[in-house]
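A.B. asks: the sequence and its predicted three-dimensional model are supplied below.
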Amino acid sequence: MIIGVLSLQGGVDEHIAALEACDASTRKVRLPRDLEGIDGIVIPGGESTVIDKLARAFDVAKPLAALIDAGLPALATCAGLIYVAKHVDNPAPGQQTLGVVDAGVRRNAFGSQRESFDTTVDVAWHGASMEGVKASFIRAPIVTEFGVGVEAIAVLKSGEVVGMRQGNIVALSFHPEETGDFRIHNAWLELVREHAELGI
């Protein structure tokens, strides 16, 4: 099983370390050819506008979106959550997304870098339930709208939705790769294995 990590900008190395700690093989994805033969894709945090611009510049955005639409399992964190959503409440000028999750999100919902914080959050989706996951929120987005087939999988005590799932896609507002708590990665890898076994 080979897991691709979109490696244009952001927390690439941290996700690779987390995946390899879970015994997954990884591949950095920058160009369309890097997508060939992967079993899942991680879209890391960083700057959603920069990821968007570079993905289009390297011609990887359209084939990546097509693969995810066709069922490739994806794990998106922080800026990645923004990048997979169909609608951004407060986009930067010219900002585009992959548009593979029928949801709306708001960038920088908790404020600037100075308002970053660490906490714990319960995360659950069909087949997985994790209590008290260590989560780092850095200029994090929130989910504001849900389309058909999109479920909330993580909600802060203050009420903000910080995780969603739509079929093969798990998207989180926070950085699970930063904390040393790799239960999210392990649970998502189980989804990837299920998809591989079913031949999806």
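C.D. replies: Perfect, I can see it now. A quick note: this is a predicted structure, and the numbers were derived from the prediction, not measured. Numbering: from 1, shown residues only.

A.B. asks: so the residue nearest the centre of the chain: helix, strand or coil?
C.D. replies: Geometric centre of the chain, nearest residue: residue 76, 0.5 Å, by CA atoms, centre = their mean. Following DSSP: H, G, I helix; E, B strand; the rest coil, residue 76 is assigned to strand.

A.B. asks: from residue 42, how far off is it?
C.D. replies: If you measure residue 76 against residue 42 using CB to CB, to the nearest Å, the figure is 8 Å. The C-beta positions use only the backbone N, C-alpha and C, and glycine is treated the same way.

A.B. asks: now do the longest helix anywhere in the chain: everything it contacts.
C.D. replies: In the chain, assigned by DSSP state H, the helix with the most residues is helix 183-198. Residues from elsewhere that reach helix 183-198 (CB atoms under 8 Å, 6 or more residues apart in numbering): 1, 3, 15, 18-19, 21-22, 24, 39-40, 71, 73, 75, 123, 125, 127-128, 130, 133, 168, 170, 172, 176-177.

A.B. asks: ok, of those residues, which come out buried?
C.D. replies: Buried members of these, scored by 16 or more other CB atoms under 10 Å, are 3, 15, 18-19, 22, 24, 39-40, 73, 75, 123, 125, 128, 130, 133, 168, 170, 172, 176-177.

A.B. asks: can you list which of these are found in helices?
C.D. replies: Short answer: the buried ones among the contacts of helix 183-198 in helices (DSSP H) are 15, 18, 19.

A.B. asks: show me which of these is closest to residue 182.
C.D. replies: residue 18 (5.1 Å; CB to CB).

A.B. asks: which residues touch the closest one?
C.D. replies: Counting by CB under 8 Å, 6+ apart, residue 18 touches 176, 177, 182, 185.

A.B. asks: list the contacts of residue 5.
C.D. replies: Applying CB under 8 Å, 6+ apart, the residues near residue 5 are 12, 15, 16, 19, 26, 27, 28, 29, 41, 42, 44.

A.B. asks: report the buried residues of the longest helix of the chain.
C.D. replies: Buried residues in helix 183-198, counted by 16+ other CB under 10 Å: 183, 184, 185, 186, 187, 188, 189, 191, 192, 195.

A.B. asks: skip the chain neighbours and tell me the closest residue to residue 179.
C.D. replies: Closest residue to residue 179 apart from its sequence neighbours, by CB to CB, 6 or more residues apart in numbering: residue 134 at 3.7 Å.

A.B. asks: in TSV: the contacts of residue 18, plus distance to residue 160.
C.D. replies: Formatted as TSV, those follow (distance: CB to CB, whole Å):
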residue	distance to residue 160
176	17
177	20
182	23
185	23
